[in-house]
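Participant: okay, here's the prediction I keep looking at, along with the sequence it came from:
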2 protein chains.
Amino acid sequence: MDKPVDKGTEQQILQAAHRVIVRRGKSGTRMQEIADEAGVNKALLHYYFRSKDKIYHAILRNVASELFRSLLDSLDFSLPFYQLISDFIRLHIGAIRNNLDLFQFFFSEIWTNRAEVLPVFLEVLSVSEGRLPELFFARVNRAVYEKEIRPVDPLNLLLNIISLDVFFFVASPLIIELMELPESELQRMFDERALQVTDFVWESIKYRGEQ
Amino acid sequence: MDKPVDKGTEQQILQAAHRVIVRRGKSGTRMQEIADEAGVNKALLHYYFRSKDKIYHAILRNVASELFRSLLDSLDFSLPFYQLISDFIRLHIGAIRNNLDLFQFFFSEIWTNRAEVLPVFLEVLSVSEGRLPELFFARVNRAVYEKEIRPVDPLNLLLNIISLDVFFFVASPLIIELMELPESELQRMFDERALQVTDFVWESIKYRGEQ
DNA sequence: GTCTATACCAAGATAGAC
DNA sequence: GTCTATCTTGGTATAGAC
């Protein structure tokens, strides 16, 4: 089905640029490295994209939509609350594992390049999504009202879940070194992380009757 | 007490370098910017430090020890477990707030410069500390045994707490934009974060009798 | 469209006067 | 120890042949 390897030079360049920029960050990226990785001449990068800035922006938009697409897999807000957060955490962590490099890139660039990065992400986010938080907040409030869970602040709950999902993976290379875990053990923690988080969160919020 | 402003040129340069490197990251840093900020000539940077790499390494070690020092304020492991994690979280979050720029720098550099950054941090960590995790793990196991808390995996508990502490602050500029929170509201969340996390964690782990 | 060659410039580094 | 001037490198960008 696929054309052999030739997806057109422009695509070649874009894909190479994606890899290099995600790996090195903006100021660490060299046009030469992109050219090498794309198997074309440096001059061609400028022929197609005019400048490094232009390439960077193109990649930034790609990364942003990949990231958000990966986070917005369909959630069913009518499920029981335990099921909902269980699904949410599982999908979320799955997405993070599949796009670890993008998350790491994102957290690297957001500080050194905030002015450039934030607008792109906000724009992509606003078209692609918009009101996931509102839906979630409403569902949390209903769950409290219907005594599925104890009273909690929805925003803090969402942030807590995201913290537990994201940080572990973003920090994993560190954890490996600090804890001197064998690779196999880390792999196991990766696999179990979703269940672990779901359990931790649910134990914290589930309704247990008036205390 | 303090000498007026002249702490010696070398110190001037180090302090300027610290600010610039933390702000821009390694590859974003320009020797000229350091020189300007230190109020000296570019050539002097090389006179004192030979190369940009050397300066970067010096700053890296500084940052590493500042970060760890900030995280290792005395903990009293003989306190009741609730008191212990309450203290731990409060101290930890306090340290993060006071050194937000260092944390952000760290999470930026660790990905683009892993090979350079990790060894420095591991070395500084190994001399300055060593066995905080072990002490914590032992205390958790005792708390489980003595039915202060439900059975939990100590490593996961530690990682969960750190996630909840760190991520919120590292991601705060994003949260502001995404949630369109007013600055005042964010400030309030900052102030309450330690209590919020303590509550969330404690509700999850506290012993409630055989279920 | 793709290449070679080269212009141009910014940045790290050094020489040498003071 | 500090400066000015300069070298060198390497990176972005362009001109022009094919």
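Facilitator: Done, it's in.

Participant: only C-alpha atoms for contact and neighbour calcs from this point on.
Facilitator: Noted.

Participant: ok, and for stretch A:48-68, which residues are buried?
Facilitator: Judged by neighbour count using 16 or more other CA atoms under 10 Å in any protein chain shown, the buried positions of stretch A:48-68 are A:49, A:52, A:55-56, A:58-65, A:67-68.

Participant: wait, what's in contact with the closest residue to A:Ile110 other than its chain neighbours?
Facilitator: The shortest distance from A:Ile110 to any non-neighbouring residue, by CA to CA, 6 or more residues apart in numbering or on different chains, is to A:Val117 (6.0 Å). Neighbour list for A:Val117: A:Leu60, A:Glu109, A:Ile110 [criterion: CA atoms under 8 Å, 6 or more residues apart in numbering or on different chains].

Participant: next helix or strand past whichever strand or helix holds A:Val117?
Facilitator: Counting by DSSP states H and E, the element that carries A:Val117 is helix A:114-128. Per DSSP H and E, the first helix or strand lying C-terminal to helix A:114-128 is helix A:132-145.

Participant: buried sites along that following helix?
Facilitator: Applying 16+ other CA under 10 Å to helix A:132-145 flags A:Phe136, A:Phe137, A:Arg139, A:Val140, A:Asn141, A:Ala143, A:Val144 as buried.

Participant: check which helices and strands that helix is in contact with.
Facilitator: helix A:154-170 (3 or more CA pairs under 8 Å, 6 or more residues apart in numbering or on different chains; DSSP states H and E).

Participant: hmm, 10 Å instead?
Facilitator: helix A:81-98, helix A:154-170, helix B:172-179 (3 or more CA pairs under 10 Å, 6 or more residues apart in numbering or on different chains; DSSP states H and E).

Participant: out of those, the one nearest DNA strand C is which?
Facilitator: helix B:172-179 (26.3 Å; CA to the nearest atom of the strand).

Participant: right, is the closest one up against chain A?
Facilitator: Yes - applying CA under 10 Å from any CA of the partner chain, one finds helix B:172-179 touching chain A at B:Pro173, B:Leu174, B:Ile175, B:Glu177, B:Leu178, B:Met179.

Participant: what's the average pLDDT for that helix?
Facilitator: When pLDDT is averaged over helix B:172-179, the result is 80.

Participant: buried residues, it. List them.
Facilitator: B:Leu174, B:Leu178.

Participant: pull up the gap between A:Val197 and A:Leu84, please.
Facilitator: Note on A:Val197: its distance to A:Leu84, by CA to CA, to the nearest Å, is 13 Å.

Participant: around DNA strand C, which positions in chain A sit nearby?
Facilitator: A:Gly8, A:Thr9, A:Glu10, A:Val40, A:Asn41, A:Lys42, A:Ala43, A:Leu44, A:Tyr47 (CA under 7 Å from any atom of the strand).

Participant: let me know the closest of those to chain B.
Facilitator: Chain B lies nearest to A:Lys42 out of the residues of chain A next to DNA strand C, by CA to the nearest CA, at 21.2 Å.

Participant: quick one: residues contacting the nearest residue to that closest one once chain neighbours are set aside.
Facilitator: Excluding the flanking residues, the one nearest A:Lys42 by CA to CA, 6+ apart is A:Ala35, at 5.1 Å. Residues in contact with A:Ala35 (CA atoms under 10 Å, 6 or more residues apart in numbering or on different chains) are A:Gln12, A:Ile13, A:Ala16, A:Ala17, A:Val20, A:Asn41, A:Lys42, A:Ala43, A:Leu44, A:Leu45.

Participant: can you pull the pLDDT of A:Ala35?
Facilitator: 96.

Participant: list the buried ones in the helix or strand where it lies?
Facilitator: Assignment of secondary structure by DSSP H and E places A:Ala35 within helix A:31-38. Buried residues in helix A:31-38, defined by neighbour count with 16+ other CA under 10 Å: A:Met31, A:Ile34, A:Ala35, A:Glu37, A:Ala38.

Participant: you'd agree the second one is up against A:His18?
Facilitator: This points to A:Ile34. Yes - A:Ile34 lies in contact with A:His18 (CA atoms under 10 Å); the separation is 8.7 Å.

Participant: hang on, the earlier thing: of the residues of chain A next to DNA strand C, closest to DNA strand D?
Facilitator: Among the residues of chain A next to DNA strand C, and counting by CA to the nearest atom of the strand, the member closest to DNA strand D is A:Ala43, at 4.0 Å.
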